[in-house]
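> Structural data only, the sequence is not supplied:
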């Protein structure tokens, strides 16, 4: 399996700008994307994803913005950490409760 190529944010921004500028010269968004993707060396599907995300970020298309997606990811990470912390606390409280019971019966 091929390792995915990482493109810089500047490269992505420039590619999206090129598609936006050449959109009037093509009959559809897809044909504009295909034309530009061939010139810059990325797949058409990847470039289309970037264009659609740019449209979402600018309010031209429905869906989650980049900021929304980032916030959701942060919240999911926080929830995961909190669940792990809760599990540790439950185990610790059970351990100490058992130790307290053992101590009472020995006295």
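Now that the structure is in, tell me what you want to look at. Quick caveat, the model's predicted, so the values are computed rather than measured.
> Report the residue spans of this protein with pLDDT below the cut-off.
By pLDDT under 70, the low-scoring segments of the chain are 1-3, 104-107.
> show me where it has helices.
With helices called from DSSP state H, the chain shows them at 9-22, 29-40, 44-57, 66-106.
> will you turn those into CSV that also has mean neighbour count?
C-beta: built from backbone N, CA, C; applies to glycine. Output for the helices of the chain, formatted as CSV (neighbours: other Cβ atoms under 10 Å):
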stretch, mean neighbour count
helix 9-22, 15
helix 29-40, 17
helix 44-57, 17
helix 66-106, 10
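> Residues touching stretch 39-57, excluding its own?
5, 7, 11-12, 15-16, 18-20, 29-30, 33-34, 36-38, 61-67 (Cβ atoms under 8 Å, 6 or more residues apart in numbering).
> Now do the same contact list for residue 29.
Contact analysis of residue 29 by Cβ under 8 Å, 6+ apart lists 19, 23, 48, 51.
> same question but for residue 16, I mixed them up
Counting by Cβ under 8 Å, 6+ apart, residue 16 touches 47, 50-51, 54.
> any idea how far it lies from residue 73?
Separation of residue 16 from residue 73 (Cβ to Cβ, to the nearest Å): 22 Å.
> before we move on, what about residue 89?
Counting by Cβ to Cβ, the gap from residue 89 to residue 73 is 25 Å.
> likewise residue 26?
In terms of Cβ to Cβ, residue 26 sits 34 Å off from residue 73.
> now residue 51
Applying Cβ to Cβ to residue 51 and residue 73 gives a distance of 22 Å.
> before we move on, what about residue 64?
11 Å.
> what do you get for residue 33?
Taking Cβ to Cβ, one finds residue 33 at 26 Å from residue 73.
> Likewise for residue 65?
Plainly put, residue 65 is 13 Å away from residue 73 if you go by Cβ to Cβ.
> Equivalent analysis for residue 48, please.
Per Cβ to Cβ, residue 48 is found 22 Å from residue 73.
> Repeat that for residue 67.
Relative to residue 73, and taking Cβ to Cβ, residue 67 is found at 11 Å.
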